[in-house]
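Visitor: please find the sequence and the predicted model below.
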Amino acid sequence: MEALYGISLGYQLPQHGSSEAVETRIREKAAKLGRLYNRIIGCTVVVEAPHRHHHKGKLYSVHIDISVPGKDLVVDRAKPLDHAHEDVYLAVRDAFNAAERQLEDHARRMRGDVKNHPAARDSAVPPAE
């Protein structure tokens, strides 16, 4: 675990194929999240490469767990969307883009910018007589 802009950041990369460049990219993306929403307590990123015996290439999966006060936001790209995730950088990018959207949605809810629709029974209008 390391501290980055006040965020406790942890990451786990596959033993084979991990590089400083991937670690740097993860730190950059986590820092961007911290600038987007300054109440992040912690962020854990796990990048996994499948077993080498797969026939369709090596698709990376990325799991991001973001801790904010009162809630944990989870991005789990366990089943990669397409073969672009054979590139670890694209897999990391897509996961962090999803995390960014979740953080933006969470921030809107915290500010009260999201409309809360009344329950169906509360909004039912009695028949006119």
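Guide: Looks like it came in fine.
Visitor: only C-alpha atoms for contact and neighbour calcs from this point on.
Guide: OK.
Visitor: quick one: the helices in this structure?
Guide: 20-36, 88-111, 120-123 (DSSP state H).
Visitor: can I get these in TSV including distance to residue 65 and mean neighbour count?
Guide: Converted to TSV, these look like this (distance: least, CA to CA, whole Å; neighbours: other CA atoms under 10 Å):
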stretch	distance to residue 65	mean neighbour count
helix 20-36	11	16
helix 88-111	9	17
helix 120-123	34	8
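Visitor: for residue 12, which of those helices is the nearest?
Guide: Nearest to residue 12, of all these, is helix 20-36, at 9.1 Å by CA to CA.
Visitor: could I get the average pLDDT for the closest one?
Guide: Across helix 20-36, the average pLDDT comes to 89.
Visitor: go on, stretch 41-59?
Guide: 74.
Visitor: tell me who's in contact with residue 103.
Guide: 33, 36-37, 73 (CA atoms under 8 Å, 6 or more residues apart in numbering).
Visitor: try 7 Å
Guide: residue 37 (CA atoms under 7 Å, 6 or more residues apart in numbering).
Visitor: got the confidence number for the closest residue to residue 44 other than its chain neighbours?
Guide: Nearest residue to residue 44 in three dimensions, chain neighbours excluded: residue 10, at 4.7 Å (CA to CA, 6 or more residues apart in numbering). Note for residue 10: predicted pLDDT of 74.
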